[in-house]
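Novice: For reference, the sequence and a predicted model appear below.
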Amino acid sequence: MTTSAYQHAFQQATDTPDSFWLQQAKQIHWFKPPNVAFEKDANGIERWFPDGELNTAYLALDYHVENGRGDQTALIYDSPVTGKKAQYSYSVLRDQVAKCAGMLAALGVEKGDRVVIYMPMIPQAAIAMLACARLGAIHSVVFGGFAPNELAVRLEDAEPKVLLTASCGIEVSNVIPYKPLVDRAVMDSRWKPEHVVVFQRQEFPANLDNARDADWSTLIEKAAPHDCVPVNATDPLYILYTSGTTGKPKGVVRDNGGHAVAMKYSMSAIYDVKPGEVYWAASDVGWVVGHSYIVYAPLIHGCTTIMFEGKPVRTPDPGAFWRVCDEYNVAVLFSAPTAFRAIKKEDPDGVHVPQYSMSALHHIFMAGERLDPPTLEWVESKTGRAVVDHWWQTETGWAISANPIGLETFAIKPGSSTKPTPGFHVEILDESGQRQSANTQGFIAIKRPLPPSCLSTVWRNHDRFESGYLQQFPGYYVSGDGGYMDEEGYLFVMGRIDDVINVSGHRLSTGEMEEIVGAHEAVAECAVVGVYDDLKGQVPLGLVVLKDGYVSVSGDIEAALVAKVRNEIGPVACFQRAIVVDRLPKTRSGKILRRIIRQIADGESYTVPSTIDDPASLEDIRQFLS
């Protein structure tokens with residue numbers, strides 16, 4: 001029997017990961033090529049390409065310039081909130097990054113030092129990240145506009161020598177001054193950076209009235225360009241903080257070598273994008289998607305990447321994504337399902353889509369949360385483009401499972417992120433660590449060794465890495481998500497393990513209920529959570545946001561949704577409450593705050609997360625549930 005391209009790659013990555021990944025490592029330029037694929041460090045953690053030396057900024061910029069592609073556009077900046085647009089060739093971007101690296105070096109930043117970047121979606125954010133990589137410094141990007149106390153916590157943990165920021169961020173309806181937030185964070189933090197460098201934006205210039213403050217443009221003008229500093233493959237490239245169950249953020253550590261190899265491989269194997277094509281990840285550099293697929297992977301692969309300072313709606317309308325795809329000949333679009341649900345809510349009939357031909361666009365990828373089948377079907381039907389659901393985490397840095405269209409295109413199964421990516425040996429385990437049979441839900445775990453680019457530790461807290469990810473099932477990384485694999489090897493991610501509820505002894509998936517509720521023609525988006533019940537232990541509660549133009553009269557839509565779940569799952573689901581709300585509380589990356597919704601419904605105390613997009617949305621939920 002003929003082995004398919006996917007089967008061959010997956011089997012090789014599973015059976016002989018050392019030879020498979022050493023072969024992939026040949027696709028990037030090394031200052032010192034590795035001979036060893038991986039070895040275990042003192043903590044027993046696999047470290048990739050330990051004898052290799054490289055520089056990530058060199059791979060992203062200098063390599064292309066030196067190979068005759070300096071005139072190609074590397075970065076497009078499109079800002080509907082300011083009306084500004086700009087394009088940077090590989091040569092120009094390389095030169096600006098070299099100057100920024102020289103600026104940081106003049107401030108005393110050296111290899112291994114940390115730099116915190118607190119900036120909006122402007123080119124200087126990407127330039128700052130690449131400048132750190134050029135020096136071998138470790139950057140930690142904090143989402144622009146985060147509350148001062150959250151920035152302070154990250155300053156204390158990362159202990160940066162320099163903090164880079166902008167004078168303001170710009171939203172659809174307002175300007176957010178950053179400097180007062182930064183000043184408060186530095187004041188509250190036990191760790192004080194030696195320098196705070198501010199990029200002044202004309203929309204709201206900042207007062208630089210502290211001895212540690214400096215003006216970005218002034219320093220850049222005086223700076224001498226800095227060469228790329230060779231680093232070990234196992235040296236950290238960045239720290240990215242992700243929410244922790246304890247309330248203290250976890251600093252995920254990403255290395256240079258494994259990250260670069262995985263990024264390069266993913267662009268061809270998963271996204272099937274070619275060097276020179278335009279790749280757009282409509283995200284933010286504050287999130288892992290922005291690190292992997294706005295800044296690093298597209299540039300390492302030789303693509304043109306886009307930094308978009310706007311929203312999927314109201315900048316100026318629900319056609320914003322389609323306009324950008326059309327204007328810049330985007331080949332691949334990648335964003336979160338919540339972005340497309342927002343578009344669907346304001347343009348349910350998709351009338352803005354036909355206004356743009358988007359002739360170069362061949363695939364739309366989604367990740368960041370579970371892709372509900374109604375959203376998948378709406379985007380496919382309105383755009384005529386194939387939608388690829390893929391699943392990954394901040395901790396992995398790239399897709400655990402996907403439809404690997406660069407290797408082989410599989411039939412789409414709505415609700416599934418298709419098959420595990422080569423390198424990720426995914427298994428479904430029960431509470432005792434035993435493998436589950438097909439179509440049986442359990443813990444989604446990844447057998448070690450983890451492939452390149454996955455986190456190697458939690459910054460300055462390796463015990464937390466071990467206890468949070470490795471101890472529950474020895475020999476496995478535990479994702480924290482639950483799901484199942486069907487008889488054809490398709491992976492269905494049903495949500496966080498705590499999103500499985502127990503109703504009178506029956507274990508039921510709230511994700512499955514959300515699929516059913518979300519399929520109703522009136523529903524734009526929804527959340528189903530399990531709430532406490534004296535008799536049954538837990539019962540499901542549904543919160544739904546209706547599409548524009550739909551109104552629930554005398555509870556007719558709520559009643560229809562209750563009946564729909566009863567018909568498709570059965571009375572065992574005990575789905576008896578569906579409440580129409582104006583909006584759902586979410587993080588800025590689009591994840592619905594289901595746990596907090598449940599805590600509000602149960603009358604429990606809760607902590608408002610730093611990542612929340614609209615704190616007022618929680619008060620709305622409190623009122624609806626009171």
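Specialist: Yes, it's here.
Novice: May I ask which helix or strand encompasses V186?
Specialist: Remark: V186 resides in helix 179-188, with elements defined by DSSP states H and E.
Novice: what helices or strands is that helix leaning on?
Specialist: If contacts are counted by 3 or more C-beta pairs under 8 Å, 6 or more residues apart in numbering; DSSP states H and E, helix 179-188 sits against helix 148-158, strand 162-166, strand 195-199. For the C-beta atoms, the positions are set from N, CA and C on the backbone; glycine is no exception.
Novice: hey, which of those is tucked in deepest?
Specialist: Among the helices and strands packed on helix 179-188, strand 162-166 has the highest mean neighbour count (mean count of other C-beta atoms under 10 Å), at a mean of 28.
Novice: Indicate each strand paired with that one and its parallel or antiparallel sense.
Specialist: The strands that strand 162-166 pairs with in its sheet are strand 114-118 (parallel), strand 195-199 (parallel) (by DSSP bridges).
Novice: quick revisit: out of the helices and strands packed on helix 179-188, which gets nearest to L237?
Specialist: L237 lies closest to helix 148-158 among these, at 13.6 Å (C-beta to C-beta).
Novice: okay, that closest one in CSV with CA atoms only?
Specialist: C-alpha atoms of helix 148-158 as CSV (Å, rounded to 0.1, in the frame of the first residue of the first chain):
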residue,chain,number,x,y,z
PRO,A,148,-0.4,48.5,35.3
ASN,A,149,-0.6,45.8,38.0
GLU,A,150,-0.3,43.1,35.3
LEU,A,151,2.6,44.8,33.6
ALA,A,152,4.2,45.2,37.0
VAL,A,153,4.0,41.5,37.7
ARG,A,154,5.7,40.8,34.4
LEU,A,155,8.4,43.3,35.1
GLU,A,156,9.1,41.6,38.4
ASP,A,157,9.3,38.2,36.9
ALA,A,158,11.3,39.0,33.7
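Novice: Show residues contacting that helix.
Specialist: Here helix 148-158 makes contact (C-beta atoms under 8 Å, 6 or more residues apart in numbering) with 114, 116, 118, 138, 140, 142, 163, 181-182, 184-186, 188-191, 193, 239, 241, 248-249, 251, 459-460, 610.
Novice: List the residues that contact the residue nearest to P474 when sequence neighbours are not counted.
Specialist: Computed as C-beta to C-beta, 6 or more residues apart in numbering, the closest residue to P474 that is not its neighbour in sequence is G433, at 7.9 Å. Going by C-beta under 8 Å, 6+ apart, G433 touches Q472, F473, P474, Y476.
Novice: ok, of those, which one's closest to H8?
Specialist: For these, the nearest to H8 is Y476 (24.6 Å; C-beta to C-beta).
Novice: residues near that closest one, how many?
Specialist: 22 (other C-beta atoms under 10 Å).
Novice: which non-adjacent residue is nearest it?
Specialist: Nearest non-adjacent residue to Y476 (C-beta to C-beta, 6+ apart): A445, at 4.1 Å.
Novice: Can you show me the CA trace of the helix or strand harbouring the one you found as PDB?
Specialist: Element membership for A445, per DSSP H and E: strand 442-447. C-alpha atoms of strand 442-447 as PDB (Å, rounded to 0.1, in the frame of the first residue of the first chain):
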ATOM      1  CA  GLY A 442     -10.500  11.900  27.700                       C
ATOM      2  CA  PHE A 443      -7.400  14.100  28.400                       C
ATOM      3  CA  ILE A 444      -5.600  15.200  25.200                       C
ATOM      4  CA  ALA A 445      -1.900  14.400  25.900                       C
ATOM      5  CA  ILE A 446       1.200  14.500  23.800                       C
ATOM      6  CA  LYS A 447       3.800  11.800  24.100                       C
END
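Novice: starting at the chain centroid, how far to it?
Specialist: 20 Å (C-alpha atoms, centre = their mean, to the nearest Å).
Novice: Each with direction, which strands does that strand pair with?
Specialist: Sheet pairing here is set by DSSP bridges, and for strand 442-447 it gives strand 425-429 (antiparallel), strand 476-485 (antiparallel).
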